[in-house]
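1. Have a look at this prediction, sequence included:
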Amino acid sequence: MITLIVILAIILILIIWFVGIYNALVRLRNQVKNGWSQIDVQLKRRHDLIPNLIETVKGYMTHERETLENITAYRSKAMSATGIGEKAQAEGLLGGALGQLQVAVEAYPDLKANQNFLSLQEELSSTENKISFARQSYNDQVLFFNNKIQMFPSNIVAGMFSFKEEEFFEIEDPAEKAVPKVKF
Amino acid sequence: MWELIRANRRRSVLLFMFMGIGLILLGAAVSYYFNPAGMGIDGIIIALLIWIIMSLISYYNGAKILLSASKAKKVSPDVHPQLYNIVEEMKIASNLPVMPEIYIINEEAPNAFAAGRDPQHAVVAVTAGLLTKLNRDELQGVIAHEMAHIYNRDIRFMTLAGVMLGSIVLISEIFLRGMLFTGGGARYRSSGSKGGQGQAIMMIVAIVLAILVPIFAGLLYYAISRKREYLADATGVRFSRYPEGLASALEKISGSKIEMKTANKVTAPMYISLPFQKGKKAAAGLRSTHPPIQERIRILRSMQGAGFLSYQEAYKEVKGSGSHIIPGSGLKETDDPGIRKAFDSQDAPSLKTVKRNTGDLMMTVNGYTFIDCSCGLRIKVPPDYKKNTIICTKCGTKHRL
C-alpha cells in the first residue's frame, strides 16, 4: 500500500514538473515571437518613411542620385525578404545606405533648414533607434529560449515537443565594416 | 533584470518593518504618556489609522497630486514628437508593457520626474527648460533614468516610505507641541502617588522616542532614496546603452541656477535632481534624498560598458574599492550590451534660442497656434481667440485661421 502511494506521488511530481517545464518553454517562445513583432513593426515603419524622405530630398540633392536609387532598391529588397537571416542582411544594406544619406545631407544647408525634412529625419532616426533597442531585447529573449532548449533537463521536454532554437537578429552595419579603425 | 527588482523588494520589506516598528513604538509611547492605564493600545491604533489613510490616498492619488502641484500638462505626441519618440524608444528598451503618459511642466529650470503606482499607471513629466536645453542623447539619458524608476518600482516604494516617514514626523510633532502647550502633560495624569518612579521613566522614554524615531526613520529613508538614485542611473544606462548622455545631461541640469517655482519640500525627492539651490548645498549630507550630482557624473563617465557590472566597477573606482551598489544577484548577468555610438553631435543652442524655444513650447502646450507671417513675424494666437482672421501687428497682413 505504502509503495503504491510513493509510486503515485513520484509520478504526480514528475507530471507537475513536466508541465512546468513545458509551460516555461511555451512562455519563452511567445516572448521571442513578441520580441520579433516589435522589430517587425519598426522595420515596416522604416519602409513607410522612405518614399516620403526621397520625395523631400530629391529636389535638393541633385548630386546624390546614386545614393537615392540605392535606398529605393534596398528598400524593395528588404520588403520582399523572407526569413530572419535574409531580412537582417537586407535591412543592414538599407541602414548603411540611409547612413550615407545622413552624411551627404551635411553638404546641403538649405535641406537642413527644411522643416519637413527635419521632422522626417527625427522620425527616421527614432525608428533606427527603436529597431536597435527592439533587436537588443529580442536577442536577449532568444538567448534565454535557446539556453532553455539546450540545457538539461529542459532539453528532454523540448526534444519531445520539437521546440526549435530561434535565430538571432544580427544586422551588420556595412559602414562600420568598410571603415578600418585606426588608433594613434 | 528581474533579480534586481526582487532584491529591491526584499530590502523594501525590511525598511517597512523597521519604520513600522518605529511608528508603533511612537504611538504606544505617546498614548502611554497621556494615559498610562491604556497600556498604549489606543495610541498604536491611532498611529496605524493615520498611516493607513495617508497611504491609501497617496497610493491611488499620488501621481495626480504631484502632477497638479507641479502644474504639469498632459501632451499629445505632436506637441513634441522627439520627446514622444524617445519615451517610446525607452519603452521598447525596457520591455515595459505600456507607454507612460507624458507631461510637460511650465518651468525654465531643467528637471524631470516619474510618477505612478505601477508600470501600467506610469507618468513621465519633464520641464520645458529640459526639452530646450538638452540634445537628443541627453534627453534620452534622462528619460531612461525615469523609466528605470518605473521599471524598478521605485515610485510606489518611495511614495509609501515617504508617507510612513510623514506619519511618524506628524505624530511626534503633534506630541511634542502638545506637550509644550499643556505644560508637560502632568495635569492629565491621575493622582501623583499611583504611578511613582516607573511612570516618570516611561515619560522620559516617550519624549526620547518622539525625538529619536523621526530622525532615524528619516536617515533610513534618505539612505535608501540615495541608493535608488544610483540604481536608476545604472538601470537607465542599461536601457539607453549610452552613459555619456545621462552624464552630460546631469552636468547641464546641475549647472542651471534657475530654481523651480512649483516644486516644494514634499515633491522635491521625486525629481531627477534637487530643484532648489539650498538642497544642492547640503546634497553631500546624510539628510539628502539625492546623491551628490558630481559623483553620479563621475561614476557614469568612468563606465567601460553599459551593463550593471560596468556600473559597479565605476562605482568602486569613484567611491573606493570596498563599496558596492548593485545587489549581487543583479551582477549575475554576464552580457554587457556595450556602449553605443553617440547619436547627436549638434552644437549647443545659444541662450537666446533656448529661451525663445522654451516660450514657444509652453505656448504650444497651452493650446496656442502659430502663424508665420511673410514679414518674418511669428504670430502667436491664444486658444480663446474667437475671430476667423488675425492681422499681423508688424506689416498689417490679414491671416485666416
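-> Yep, that arrived.
2. Write out the residues of chain A neighbouring chain B.
-> On the criterion C-beta under 8 Å from any C-beta of the partner chain, chain B has as its neighbours in chain A the residues A:38, A:119, A:122-123, A:125-126, A:129-130, A:132-134, A:136-137, A:140, A:143. Quick note: C-beta positions are derived from backbone N, CA and C, even for glycine.
3. Need the max-distance pair from those residues.
-> Greatest spacing in the residues of chain A next to chain B, by C-beta to C-beta: A:119 and A:143 (36.4 Å).
4. OK, contacts around residue A:146?
-> Residue A:146 sits next to A:165, A:166 when contact means C-beta atoms under 8 Å, 6 or more residues apart in numbering or on different chains.
5. Mean confidence (pLDDT) on the helix or strand containing it, please.
-> Here residue A:146 is covered by helix A:115-150, with elements defined by DSSP states H and E. Averaged across helix A:115-150, pLDDT comes to 87.
6. Distance check, the residue nearest the centre of chain A against residue B:84.
-> Closest to where the C-alpha atoms of chain A average out (C-alpha atoms, centre = their mean) is residue A:135, at 4.1 Å. Shown here: residue A:135 relative to residue B:84, a distance of 21 Å by C-beta to C-beta, to the nearest Å.
7. picking that back up, leaving out chain neighbours, which residue sits closest to the residue nearest to the centre of chain A?
-> With sequence-adjacent residues excluded and distances taken as C-beta to C-beta, 6 or more residues apart in numbering or on different chains, residue A:135 is closest to residue A:169, at 5.3 Å.
8. So which residues of the stretch 101-250 of chain B form strands?
-> Assigned by DSSP state E, counting those that start in this stretch, the stretch 101-250 of chain B shows strands spanning B:101-105, B:112-115, B:123-127.
9. now chain A, which segments are flagged as low pLDDT?
-> For chain A, residues meeting the criterion pLDDT under 70 lie at A:172-184.
10. all helices of it, in order?
-> A:2-58, A:65-80, A:84-105, A:109-113, A:115-150, A:154-160, A:174-178 (DSSP state H).
11. Next, the buried residues of the fifth one.
-> Applying a neighbour-count criterion of 16 or more other C-beta atoms under 10 Å in any protein chain shown, the buried positions in helix A:115-150 are A:117, A:120-121, A:123-142, A:145-146, A:148-149.
12. pull the longest helix from chain B.
-> Longest helix in chain B by number of residues (criterion: DSSP H): helix B:197-240.
13. Against which helices or strands is that one packed?
-> Helix B:197-240 sits against helix B:2-34, helix B:81-94, helix B:136-151, helix B:154-181, helix B:243-255, helix B:293-301, helix B:308-319, with contacts defined as 3 or more C-beta pairs under 8 Å, 6 or more residues apart in numbering or on different chains; DSSP states H and E.
14. mind checking which of those helices is nearest chain A?
-> The closest approach between chain A and any of the helices and strands packed on helix B:197-240, judged by C-beta to the nearest C-beta, belongs to helix B:81-94 at 3.6 Å.
15. Figure out how far that closest one is from the centre of its chain.
-> Here the centre of helix B:81-94 is set off from its chain's centre by 20 Å, with C-alpha atoms, centre = their mean, to the nearest Å.
16. With stretch B:296-303 instead?
-> How far stretch B:296-303 lies from its chain's middle: 21 Å, per C-alpha atoms, centre = their mean.
17. outside of it, which residues touch it?
-> Stretch B:296-303 has contacts (C-beta under 8 Å, 6+ apart) with B:229-230, B:233, B:237, B:243-244, B:246-247, B:250-251, B:254, B:310-311, B:313-315, B:317-319, B:339.
18. repeat for stretch A:5-18
-> The contact list for stretch A:5-18, computed with C-beta under 8 Å, 6+ apart, reads residue A:157.
19. Then stretch B:53-61?
-> Identification of contacts with stretch B:53-61 by C-beta under 8 Å, 6+ apart yields B:65, B:117, B:156, B:159, B:160, B:162, B:163, B:164, B:166, B:167.
20. For the residue nearest the centre of chain B, give me its contacts.
-> Note on chain B: the residue nearest the mean C-alpha position is residue B:270, at 1.2 Å, using C-alpha atoms, centre = their mean. Listed by C-beta under 8 Å, 6+ apart, the contact set of residue B:270 reads B:66, B:113, B:114, B:115, B:155, B:158.
21. Could you give the number of residues near the last one?
-> Spelled out, it's residue B:158. When neighbours are counted by other C-beta atoms under 10 Å in any protein chain shown, residue B:158 registers 20.
22. Which residues are in contact with it?
-> Contact partners of residue B:158, counting by C-beta under 8 Å, 6+ apart, are B:225, B:228, B:269, B:270.
23. List the contacts of residue B:224.
-> Contacts for residue B:224 (C-beta under 8 Å, 6+ apart) come out as B:11, B:15, B:161.
24. now residue B:99: how far from residue A:6?
-> Look at residue B:99 and residue A:6: by C-beta to C-beta, they are 53 Å apart.
25. Neighbour count for those two, which is higher?
-> Neighbour tally, residue B:99 and residue A:6, criterion other C-beta under 10 Å: the higher count belongs to residue B:99, 15 against 10.
26. Identify the spatial nearest neighbour of the more buried one, chain neighbours not counted.
-> residue B:91 (5.5 Å).
27. likewise residue B:245?
-> Excluding its sequence neighbours, the residue lying closest to residue B:245 (C-beta to C-beta, 6+ apart) is residue B:141, at 3.3 Å.
28. Give me the pLDDT for that neighbour.
-> The model reports residue B:141 with a pLDDT of 95.
29. Near it, how many other residues are there?
-> By other C-beta under 10 Å, 28 other residues sit near residue B:141.
30. Next: the one 3 residues further on.
-> Residues near residue B:144, counting by other C-beta under 10 Å, number 29.
31. That one contacts residue B:237, correct?
-> Yes. Contact criterion C-beta atoms under 8 Å: residue B:144 and residue B:237 qualify, at 7.0 Å.
32. who touches both of the two?
-> Common neighbours of residue B:144 and residue B:237 (C-beta under 8 Å, 6+ apart) are residue B:246.
33. pull the CA atoms of stretch B:298-310 into PDB?
-> The C-alpha trace of stretch B:298-310 is given here as PDB (Å, rounded to 0.1, in the frame of the first residue of the first chain):
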ATOM      1  CA  ARG B 298      32.000  60.800 -12.300                       C
ATOM      2  CA  ILE B 299      30.700  57.300 -12.000                       C
ATOM      3  CA  LEU B 300      28.800  57.400 -15.300                       C
ATOM      4  CA  ARG B 301      31.900  58.800 -17.100                       C
ATOM      5  CA  SER B 302      34.200  56.000 -15.700                       C
ATOM      6  CA  MET B 303      31.900  53.300 -17.100                       C
ATOM      7  CA  GLN B 304      33.600  50.900 -19.500                       C
ATOM      8  CA  GLY B 305      30.500  49.200 -20.800                       C
ATOM      9  CA  ALA B 306      26.700  49.700 -20.400                       C
ATOM     10  CA  GLY B 307      25.900  46.800 -18.100                       C
ATOM     11  CA  PHE B 308      25.400  46.500 -14.300                       C
ATOM     12  CA  LEU B 309      28.900  45.100 -13.900                       C
ATOM     13  CA  SER B 310      30.400  48.100 -15.500                       C
END
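34. same question for that stretch, mean pLDDT?
-> The pLDDT scores in stretch B:298-310 average 87.
35. ditto for stretch B:199-208
-> Stretch B:199-208 shows a mean pLDDT of 80.
36. how about it: buried residues?
-> Those would be B:202, B:203, B:206, B:207, for stretch B:199-208 by 16+ other C-beta under 10 Å.
37. Now for the closest residue to the second one other than its chain neighbours, how many residues are close by?
-> Spelled out, that is residue B:203. Excluding its sequence neighbours, the residue lying closest to residue B:203 (C-beta to C-beta, 6+ apart) is residue B:33, at 5.7 Å. Using other C-beta under 10 Å, residue B:33 has 26 neighbouring residues.
38. Touching, residue B:290 and residue B:275? I think so.
-> No. Residue B:290 is not in contact with residue B:275 according to C-beta under 8 Å; the separation is 10.4 Å.
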